[in-house]
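> A structural model of the following input is requested.
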Amino acid sequence: MARYLLKRVIQIIPVLLILTFIIFCLVYVAGDPVALMLPPEAGEEAKAALREALGLNKPFLEQFFIYLGNLLRGNFGVSYQYNQDALSLVLERMPYSLQLASVSLLASVVIGIVLGIAAAQFRNTPFDLLVNGFAALGQAMPGFWVAIMLILVFAVNLHVLPVSGADSWKSLVLPAATLTLLTSAKIIPLIRSNMIEVMQQDYIRTARSKGLSRGKVIFKHAFKNTLVPVITIIAMQLPTLIAVGVGAIVGAQLGVKIAKKSKPKFILKLLCIAMILVGCQLIYRGVANLDMTVVQAGVMAVAVITILANLISDVAYCLIDPTIKYQ
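You can find the predicted model right below:
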């Protein structure tokens, strides 16, 4: 296993280099970095001085290697919008991101596994149809629409949960519920279909012929072989959940400011909370304001999380299923 891990880590290095080059090119895709930083009335002398100070007058590849060296020291540059180190802007939102992602993933896995196994055991019954309908509905509904419906019911009408913010556990309920619904809807049909297939295998029939109870057959023999698709879903969803959490605090604060100045208030509150739940607002605002250092730091953080999630999932496959070899 150690050899396999070493090989996978070595494979990550060229991937990171390619990602770094693409992220570095984002600045040039957005336009002249100097023009983005200086006001329109700035003269050519001021632009030339800033280019020289930032090293933008050097050849493209030389600039890339300088940028790469800065990354190795954790220096992504300073956000001109926030006047703060770009990487610190992303990292200071990570605790909330991890909290939201962990709660959502845990709830999604529990709900998905329980309902998926139950639907497989009660196949072609009204319960099975109900669970399949829930999964289909969860995959069909857009995330922002789910957020709006939840906020209408629990925040606007019932007044039991806050519409925004990040100051208590109640503020976590609505975004976590939205993400849980969307993620568990993807897990349920995978667990159900795999459980149905596994329960028809010879070793399951052998276990039954030994007189083992249904619970032991399901959880001791069959359940382990249904976890591979769950790991795949988690690896795919984790970066998205982290990205949502990174921007949630910024989006919440923006939503409160807009909602206080608007009439009718609840409509804009719904739109703001939906905005929070469908993407990373820190990166979005960086793109909207052409603050490319923040965009670079945010995209790199999500990219690294994606790579690590894939690495962990590959290792988990081998630990769960011995037939998968470390190759």
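
> tell me where the stretch 51-200 of the chain has strands.
For the stretch 51-200 of the chain, strands defined by DSSP state E, counting those that start in this stretch occupy the ranges 78-79, 84-85.

> can you tell me what sits against the last one?
Surrounding strand 84-85, the residues in contact under the criterion Cβ atoms under 8 Å, 6 or more residues apart in numbering are 75-79. Bear in mind the C-beta positions are built from the backbone N, C-alpha and C, glycine included.

> looking at the residues you listed, which is nearest Ile307?
Checking the contacts of strand 84-85 against Ile307 with Cβ to Cβ, the nearest one is Phe76 at 17.5 Å.

> follow-up on the earlier one: now a ChimeraX select for only the buried ones of the contacts of strand 84-85.
Buried residues within the contacts of strand 84-85, by 16 or more other Cβ atoms under 10 Å, are selected in ChimeraX with:
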select :76,77,78,79
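
> could I get the contacts of strand 84-85 in a markdown table, plus columns for distance to Gln296 and pLDDT?
Output for these, formatted as a markdown table (distance: Cβ to Cβ, whole Å; pLDDT from 0 to 100):
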| residue | distance to Gln296 | pLDDT |
| --- | --- | --- |
| Asn75 | 11 | 83 |
| Phe76 | 6 | 79 |
| Gly77 | 8 | 78 |
| Val78 | 12 | 76 |
| Ser79 | 10 | 76 |
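
> closest one of the contacts of strand 84-85 to Leu311?
Phe76 (22.9 Å).

> where does the stretch 151-300 of the chain dip in pLDDT?
163-167, 239-291 (pLDDT under 70).

> the same query, at a cut-off of 80, please.
Within the stretch 151-300 of the chain, the stretches with pLDDT under 80 are 151, 156, 162-169, 171, 219-221, 224-225, 227-230, 232-296, 298-299.

> show me where it has helices.
170-198, 202-209, 214-216, 227-260, 265-277, 281-288, 292-320 (DSSP state H, counting those that start in this stretch).

> contacts only, for the closest residue to Met195 other than its chain neighbours.
Closest residue to Met195 apart from its sequence neighbours, by Cβ to Cβ, 6 or more residues apart in numbering: Ala120 at 3.7 Å. Listed by Cβ under 8 Å, 6+ apart, the contact partners of Ala120 are 191-193, 195-196, 199.

> could I get the pLDDT score of Ala120?
On pLDDT, Ala120 comes in at 90.

> I'd like the distance between it and Gly215.
14 Å (Cβ to Cβ, to the nearest Å).

> ditto for Leu68
55 Å.

> so between those two, which is more surrounded?
Leu68 (13 against 8; other Cβ atoms under 10 Å).

> my guess is that one contacts Leu19, does it?
No. Contact criterion Cβ atoms under 8 Å: Leu68 and Leu19 do not qualify, at 11.4 Å.

> which non-adjacent residue is nearest Ile188?
Nearest one to Ile188, counting by Cβ to Cβ, 6+ apart, is Ala135 at 4.2 Å.

> hmm, back to that, neighbour-wise, give me the winner out of the contacts of Ala120.
Ile191 leads the contacts of Ala120 on contacts (other Cβ under 10 Å) with 27 neighbours.

> what sits against the nearest residue to it once chain neighbours are set aside?
Of all residues not flanking Ile191 in the chain, Gly116 sits nearest, at 2.6 Å (Cβ to Cβ, 6+ apart). For Gly116, the contacting residues are 131, 187-192, 195, 226, by Cβ under 8 Å, 6+ apart.

> save those as a markdown table, and put in distance to Lys220 too.
Below are the contacts of Gly116 laid out as a markdown table (distance: Cβ to Cβ, whole Å):
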| residue | distance to Lys220 |
| --- | --- |
| Val131 | 23 |
| Ile187 | 21 |
| Ile188 | 22 |
| Pro189 | 24 |
| Leu190 | 20 |
| Ile191 | 16 |
| Arg192 | 19 |
| Met195 | 14 |
| Thr226 | 13 |
